[in-house]
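Student: got a predicted structure plus its sequence, pasted below:
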Amino acid sequence: MIFKRFFVLLFLFSIAFLAISYPIYSQYYHGVQNEILATEEISVVAAKQKVQKEIYEQIHLLAALKSSVLLTKFVTNRTQENRESLESSFINISTNFHRFDQIRLLSNEGFELIRVNFEKGQGVAVPLADLQDKSQRYYFNETNRLSDHQVYVSQLDLNIEQGQIEQPHKPMLRIATPVIDSKGNRAGVLVVNYLAKGMLDNFRYQMSQRVGQQGMLIDPDGYWLSNHQRINEWGADLGRPEHTFSRLYPEAWPKISSSASGTVFTGQGVFRFESIEPLDFAKSEHGHFKADHYPLFSPSSLSNSDWKIVVYIPNDYIKSQSILYQPLGQLFFVLITLFVAGLAALVAILLTQQQARLIKQKELDDLYNHAPCGYHSLDKNGFFVRINQTELDWLGYSRDEVIGRSFVDFLKNESKGRFYELFDELKVKRKIENEVLEMQCKDGSSFHASSSVRSLQSERDNFAVARASVFDISDRIKLEKKLETLANIDPLTNVSNRRHFYEQANTEFKRAKCSDGKVSIIMFDIDYFKKVNDNYGHDVGDTVLKLLTNEVGKCLRDIDLFARFGGEEFIILLTEQSDDETARVAERIRNTVERLDIETPLGKTLNVTVSLGFTTLTPQDKELDSLIKKSDIALYQAKAQGRNRLIQYSDD
Ligand SMILES: Nc1nc2c(ncn2[C@@H]2O[C@H](COP(=O)(O)OP(=O)(O)OP(=O)(O)O)[C@@H](O)[C@H]2O)c(=O)[nH]1
């Protein structure tokens, strides 16, 4: 359970951590990216200027050659001497500048008049016999159509020798311009084959100065003129359409090809790009190189416009620059991970402990609330602060109806006084055992509660709370009462038995003696009862006894004591009755019994009579027995005098 909780928490904390840290890291990551891009910005602009400057220099050199005196002299007057002078100037330029694969002068018909090749680091003049007809070459025809001041610049491509791409590759720009003699006539075409290798090597070198970035030069069709992976270069010349920028970086190409400059963010990395138009000197940066007049280019030269310089920074490189890839950052990451895991473990442990506590608490609450006995706590004023469900069920109240109310509100009036006594006692003794109070329920019923109470003392040792356990002992009380009743009542007639009569009569006797009160005793006995039994059976005798006592009871007040004294003999104690009043009661009894018709099982009606003797308390009567005895004597007299009569005791 703890492991499951740990992993759930770890997951949640990780999500929370990522939710907080991702935007922060993302911002930081962009900062790193922008810093790298700012550096690349410089290299892109510098590379752009270098490429433009390089091409401009070649055109400028061609222009200088075209306007040289030696050239004009030779095309005006093609003597051997003039030829040699011009040829040696071509050799000088070739040898000193190292950048022209060929410097050639073609006639108006396209035949090579002078040709100097760059071989093994120096200019070498080609013998007259080896000079060729170039009238069908595109650069001748293109240039031949130009006006005097125009320049033709070919596409940058690989040199082809005898129908094959020359190995090693020779990236080449052919730059040509018409030649004019001293009379202003067209006298041929001056062509230089510019070896762009140097320019491209420079570009590549410049672009490889920083780890992580990849610099590229791309032609308008997306073929690489320069790439850090050489295999990708010259796709157009080598017939490899798959070696295009758009194939390798399809996400970036649409934006790069359609915009002059900018930055493209893709899933692979970031592309910072800049367009250069190598022949558009008007747009080049002033101050870097300045031309008095800008060359005019042939329309086909403009196919060289809009090269792209692209610096590609792979995402992996940018990431590698972020702090997370540094040892310190990784240490920080590990610490954070450990912290999150530790936090998850700590919370998991705390939650598990808390849950265990709650379960235990619930068990305790359950035990408290549903114990077979009631529990409650009262504050120092006797108000409920706590009560369990069992006791609430007994009382029939809800918890809200009880908490905050006084305990006495739930006691029968008879028990309230006792409660106050016990509560005061508790403050002293701190403990009360098995005290019985009668509780008042919501539905009007009541029950007897036996409580054992302990007091809890406050810090200053004052009584603070009384904590009680309560048992509903109503059943016990009922049983006790029943037993008591059984012990006091005659089971046949349901009137008190002799023993119980004595108990109660003694109390009344003493009270009357103390207060000069009145007490009378009547004793009566059924006449000839033996005959009833003999004639009708014992059961009928029992019925007679029951009916008779029932009817006699109706002649008496609630406060009168009526008991079966033995067999068919009964005794009555009256309080506060004079002789006459007692006599009237006795007579009423006699009369009632006499008139009582008792149905026998055989359908006959049976009648019985009683003889009664009575007496009232006199100062001479010291004991109850004295009164009883006197009544008995009077009863005896009533029997003797013929029965069914009453006699008051007389000393005579
Ligand atoms: N059925 C029944 N008979 C009882 C009970 N207790 C006593 N007796 C009978 O009551 C009769 C009392 O008889 P006696 O003492 O001779 O008195 P008596 O027949 O009433 O005659 P006198 O009292 O002289 O009028 C006896 O037969 C007893 O058996 C009782 O609980 N039930």
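Tutor: Nice, I can see it.

Student: Three-state assignment for the residue in the stretch 151-300 of the chain positioned nearest to the ligand, please.
Tutor: Per C-beta to the nearest ligand atom, G267 is where the stretch 151-300 of the chain lies closest to the ligand, at 115.2 Å. Placement of C-beta: from N, CA and C, glycine included. Counting by DSSP: H, G, I helix; E, B strand; the rest coil, the backbone at G267 sits in coil.

Student: wait, what's in contact with it?
Tutor: Applying C-beta atoms under 8 Å, 6 or more residues apart in numbering, one finds that G267 lies in contact with E251, N315.

Student: switch the cut-off to 7 Å
Tutor: G267 sits next to E251 when contact means C-beta atoms under 7 Å, 6 or more residues apart in numbering.

Student: give me phi/psi at it?
Tutor: Per-residue torsions, G267: phi -70, psi -20 (degrees, to the nearest 10).

Student: go on, the one 3 residues further on?
Tutor: The main-chain torsion angles of V270 are listed as degrees, to the nearest 10 and equal phi -110, psi 140.

Student: pull the number of nearby residues for it.
Tutor: Per other C-beta atoms under 10 Å, the neighbour tally for V270 reads 22.

Student: not counting residues beside it along the chain, what's closest to it?
Tutor: If the residues on either side of it in the chain are set aside, V270 comes closest to I313, at 4.8 Å by C-beta to C-beta, 6 or more residues apart in numbering.

Student: same check, this time on N388
Tutor: Once flanking residues are discounted, N388 sits nearest to Y375: 4.3 Å by C-beta to C-beta, 6+ apart.

Student: number of nearby residues for that neighbour?
Tutor: 18.

Student: for N506, same thing?
Tutor: 14.

Student: and the next helix or strand past the helix or strand harbouring it?
Tutor: Assigned by DSSP states H and E, N506 belongs to helix 498-515. As assigned by DSSP H and E, the chain's next helix or strand after helix 498-515 is strand 519-526.

Student: now that following strand, how far from the chain's geometric center?
Tutor: Taking C-alpha atoms, centre = their mean, to the nearest Å, the mean C-alpha location of strand 519-526 is offset from the chain mean by 89 Å.

Student: can you name the element that comes right after it?
Tutor: Elements were assigned by DSSP H and E; along the chain past strand 519-526, the next helix or strand is helix 529-536.

Student: neighbours around the residue of the stretch 551-652 of the chain at minimum distance from the ligand, how many?
Tutor: As assessed by C-beta to the nearest ligand atom, the ligand sits closest to G567 within the stretch 551-652 of the chain, at 3.5 Å. Residue neighbour count, defined by other C-beta under 10 Å, stands at 11 for G567.

Student: swap in D366?
Tutor: 11.

Student: now do the helix or strand hosting it, average pLDDT.
Tutor: Using DSSP H and E, D366 maps to helix 327-369. When pLDDT is averaged along helix 327-369, the result is 91.

Student: pull up the pairing partners for the next helix or strand after that helix, direction included.
Tutor: Later in the chain than helix 327-369, the nearest helix or strand by DSSP H and E is strand 374-379. Its sheet considered, strand 374-379 pairs with strand 384-387 (antiparallel), strand 463-472 (antiparallel) by DSSP bridges.

Student: then the longest one to PDB, C-alphas only?
Tutor: Read that as strand 463-472. Taking C-alpha atoms only, strand 463-472 is exported to PDB below (Å, rounded to 0.1, in the frame of the first residue of the first chain):
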ATOM      1  CA  PHE A 463     -12.100  19.200  38.200                       C
ATOM      2  CA  ALA A 464     -12.400  19.500  34.400                       C
ATOM      3  CA  VAL A 465     -14.400  16.700  33.000                       C
ATOM      4  CA  ALA A 466     -16.500  13.800  34.400                       C
ATOM      5  CA  ARG A 467     -16.300  10.700  32.300                       C
ATOM      6  CA  ALA A 468     -19.000   8.100  32.900                       C
ATOM      7  CA  SER A 469     -19.800   4.700  31.800                       C
ATOM      8  CA  VAL A 470     -23.500   3.900  32.000                       C
ATOM      9  CA  PHE A 471     -25.500   0.700  32.100                       C
ATOM     10  CA  ASP A 472     -29.100   0.500  31.500                       C
END
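
Student: now it: buried residues?
Tutor: For strand 463-472, burial by neighbour count (16 or more other C-beta atoms under 10 Å) applies to F463, A466, A468, S469, V470, F471, D472.

Student: one more: the shortest one?
Tutor: Using 16+ other C-beta under 10 Å as the burial criterion, the residues of strand 384-387 that qualify are F384, I387.

Student: what pLDDT does the closest residue to G123 other than its chain neighbours get?
Tutor: Residue nearest to G123 in three dimensions, not counting chain neighbours: S94, with 2.7 Å by C-beta to C-beta, 6+ apart. For S94, the pLDDT comes out at 95.

Student: helix, strand, or coil at S94?
Tutor: When classified by three-state DSSP, S94 comes out as helix.

Student: which element is E251 on?
Tutor: When elements are defined using DSSP H and E, E251 is found to belong to no helix and no strand.
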